[in-house]
Structure formats: structure tokens, C-alpha cells
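S.K.: Show me how the following folds:
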Amino acid sequence: MPDSESSFFGNTTVQPFSSEEYVVHSGATSDCYKVKMWGRWFFLKRPKSAYRDDPKYIAAFEKEFAIGILLDNDNIVRYHSCGYDDEGMYILTDYFEGVTLSQFVEKKETLTKKEIRSISLQVANALEYLHGKGIVHGDLKPDNIMVKESDLSVKLIDLGFSYSDCFEIIGKGSGGFSAPEQLRGEKADSRADIYSFGKVISYMGGSFQRVASKASREAADERYQSMTDVIRALTLIPIKKYIPALSVILCAILLIAILSGRNTNSDTMEALEPIVQETVREQIASQPKTAEECFKDDLDSVFRNMFNPFYERYPHVNNDNFAASRAEMQVLIMDAMRKGDSLKNFYSSRNPDMDVLPLDGVIRESIEQYTFRYGQECANLNR
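M.R.: Below you'll find the predicted structure:
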């Protein structure tokens, strides 16, 4: 048992949890439970029995909570409390209703580019936050990434192998995702997390493989040197070289008309209209999207994943479900405003030249679009 004067865990012997406790995840050195306390669900993490008296893993548990309790990021699970009871040490974190990325990929089989980008950017945001505080996660892998299927929100979990300048490095991460320098037992820096991040992108599927390849290069100096660089690469819209086909076609047609001695009269131009329209459509489709257009696409994806399940539960509003659906819709709108604002702040931080003022209107209009059907149902109910 840790020294109560020098430990966060103290010398508590009272079991504060309800009987509703079961294993939700079993790792190599610890088990994670879902427990209820004060009427709320939490995750509770304990070392496996074989490690409860091991000084190395006691130190790891101490370190994990000491680091975790100081963190405040939307994409990192929030550490709540810790203690020591009849069954040993435990750490309590907020409960997150989701599955591991491993389970998510296994269930989906094939992830879309939007899904991969959304998950990748949220994990990258968490790592950038940790690195900004001088902390290396040290064990990034799909089993340590939680995904909420309804809205693709992400939480990074398990800081058991994380370290900063204040703590000794404990463990070498997980084979297959750990950087070569970690496996060699060398002191690793934030670029070890970048390597693991590249492997996680590769694990998810075919999109962003160029980013994944550079992130997970063998030599640390050849990788991206910061998560900021990685995020920039993920959000960069490639500018493709293309021939302005419309100009070429119009010039060719006009030249033929002149050489043949014909006038480019209205009949000629009318005949050209379908060709021009099709060329314009092709050119518009080939243009790279602006940051604002990407924001709208991502916002629509987030809201669709939020509101569609609501309409599946309440396809029609009636006297029996009106009160429950109204309360749920109010919560949903508040949550949509919060997530829309978070997405706006994320895009503005990555695109300094982006005008954020119109985005508030985009968020409002999108929420109005997704709540219009419910408003119509309520209006019909009152008639």
C-alpha cells in the first residue's frame, strides 16, 4: 500500500461503489470496470492481482493519476479520483459511452474518409494538448482510443505508460504501434507518439496513408516533428494542377468559327451551351474545397449523427411521447450548439485567415434544418 503522506491514493479502506460493477475491458496489467457512484456511472481501473504488490506498477498507477488529474481536454477522458480499498488501488474516471477503436473498426469493416479524418483529428488534438504540456502518452493504440458511435466523438484513455520530465519512463508501449526507439528501451520524446499515431491511421484504412507513412518512419528525425505538423497535413487541401478546359474549348471553337468564315451568332452559342455547362460542372467538381466548405461538411456529418437517432426513436410526435421528446430535443439542441462551437474553434485555430463570424450563422441554420421536422410534428399535434 502506498505511503498515505506521499501518495494521491491515501489509505482509504471503505468501498464507495454500488454492487453494479462488471469488467468492461481487460488489459495486460489492469482491469477496467463500469461502476455507479452518486447515481452516476464511472470507469474504475485496478491493477490485476498479479501486479497489485509490484512496486513498478504501483508507481505507474501513482504516475497515471498524477498526470491525468491535471488534464482538461475534450478528447481525453477526465480523471476524477483515486483511492485504496480492500481490493487494492483504483483510479476513477468519467464514464464514456463508446467502444474501442479496435471494436469500431471490426464492426464497420470499412471506414469512410470522413470517419477516418474525424477520428484522426480528435486523437491528434489530444496528443497535441499532451505534448504542449510536455507529456508523452507512450502507449497509443486502437484499444486506448474510445469512439462514440452516434456522433464519432473520441476519448483518449489509459495514461499508464505516459510520462513527462517529472516522471520515470515505465514500460515500452505496445508492440506493433510502439516506436522503434521505445522498443529499444531508449528515452523517447513526442515523436514516439507521432509514430504510433501514423500506425493508428494505417490501422483504420486506406485514407491519409501518405500522412501515416511519414508519421511512422523508422528514424524519428524523418517523421513529422510535431502534432501541429501532422494536423496541418491532415487538414491541408491539395491544390491539383489542372488545365483550364473551359478556356481551351471556347478558344478552339471560336478559332474554328473564324477560320471557316462563320459568325459566332446566337444559334452557334446556343448549340455550345450544353458543352459549356458540362465543362463548367467538371471544373467546379475539380476545384479543391475551401476551409468553410470543409467546415460545413463536417458540421453536417456531426449533426446528422446526432439528430438521426432522435428521429428514429420519435418518427412521429404524439401525446404519449411529447414531453419526453421535447426534453430530449432541448438537450440535443444545446449539445449541437456546443459541438458546433467546438468545431468552429477547431477550424479557426487551424485556418488563421478564416472568417469565423459567418460560421455562427451556418451553425444556427444547420440546427434549424435538423429541428424543422420536429417543429412541424409539434405544430400538427397542437392543431
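S.K.: pLDDT below threshold where in the stretch 101-250 of the chain?
M.R.: Scanning the stretch 101-250 of the chain for pLDDT under 70 picks out 161, 163-175, 237-250.
S.K.: what do you get if the cut-off is 90, keeping everything else the same?
M.R.: Filtered on pLDDT under 90, the stretch 101-250 of the chain yields the residue ranges 108-109, 114, 133-134, 138-139, 150, 157-176, 178, 182-189, 205-207, 232-250.
S.K.: can you map out the helices along it?
M.R.: 101-108, 113-132, 180-183, 190-204, 209-215, 227-235, 245-259 (DSSP state H, counting those that start in this stretch).
S.K.: residues contacting the spatially closest residue to Q209 that is not a sequence neighbour?
M.R.: Nearest residue to Q209 in three dimensions, chain neighbours excluded: S202, at 6.8 Å (CB to CB, 6 or more residues apart in numbering). C-beta here means a position set from N, CA and C on the backbone, and glycine is covered the same way. S202 is in contact with 209, 212, 216, counting by CB atoms under 8 Å, 6 or more residues apart in numbering.
S.K.: Tell me how this structure divides into domains.
M.R.: When the chain is parsed with automatic domain parsing, its domains come out as 22-94, 99-235, 245-286, 291-382.
S.K.: confidence score at the nearest residue to Y51 once chain neighbours are set aside?
M.R.: Spatial nearest neighbour of Y51, chain neighbours left out: Y57 (4.2 Å); criterion: CB to CB, 6+ apart. On pLDDT, Y57 comes in at 83.
S.K.: host element of Y57?
M.R.: Applying DSSP states H and E as the criterion places Y57 in helix 55-68.
S.K.: Give me the angle between that helix and helix 113-132.
M.R.: Between the axes of helix 55-68 and helix 113-132, defined by axes from the mean of the first three to the mean of the last three CA atoms, to 10 degrees, the angle is 100 degrees.
S.K.: Give the other helices and strands that helix 55-68 contacts.
M.R.: Using 3 or more CB pairs under 8 Å, 6 or more residues apart in numbering; DSSP states H and E, the elements in contact with helix 55-68 are strand 40-47, strand 79-85, strand 88-94.
S.K.: Give me the buried positions along that helix.
M.R.: Neighbour-count burial for helix 55-68 flags 57-58, 60-68 (criterion: 16 or more other CB atoms under 10 Å).
S.K.: picking that back up, deepest of the domains of the chain, which one?
M.R.: Of all these, domain 99-235 has the most neighbours on average by mean count of other CB atoms under 10 Å, namely a mean of 19.
S.K.: And the residue nearest the centre of the chain?
M.R.: Nearest to the mean C-alpha position of the chain, by CA atoms, centre = their mean, lies Q122 at 2.9 Å.
S.K.: Who are the contact partners of the nearest residue to that residue once chain neighbours are set aside?
M.R.: The shortest distance from Q122 to any non-neighbouring residue, by CB to CB, 6+ apart, is to V154 (3.8 Å). By CB under 8 Å, 6+ apart, V154 lies in contact with 75, 118-119, 122-123, 126, 145-148.
S.K.: so what's V154 bridging to?
M.R.: For V154, the beta-bridge partners under DSSP bridges are V147.
S.K.: I67 touches G160, doesn't it?
M.R.: No - the criterion here is CB atoms under 8 Å, and I67 misses it with G160 at 9.9 Å.
S.K.: Need the pLDDT of the closest residue to N125 other than its chain neighbours.
M.R.: Nearest non-adjacent residue to N125, counting by CB to CB, 6+ apart: N75, 5.2 Å away. We have a pLDDT of 94 for N75.
S.K.: just checking, N75 touches L121?
M.R.: No - at 9.2 Å, N75 does not count as touching L121 under the criterion of CB under 8 Å.
S.K.: Surely K296 is within a helix?
M.R.: Yes - assessed by DSSP: H, G, I helix; E, B strand; the rest coil, K296 belongs to a helix.
S.K.: Contact partners for it?
M.R.: With CB under 8 Å, 6+ apart, K296 has these contacts: 362, 366.
S.K.: Quickly note the distance from it to L359.
M.R.: Here K296 is placed at a distance of 9 Å from L359 (CB to CB, to the nearest Å).
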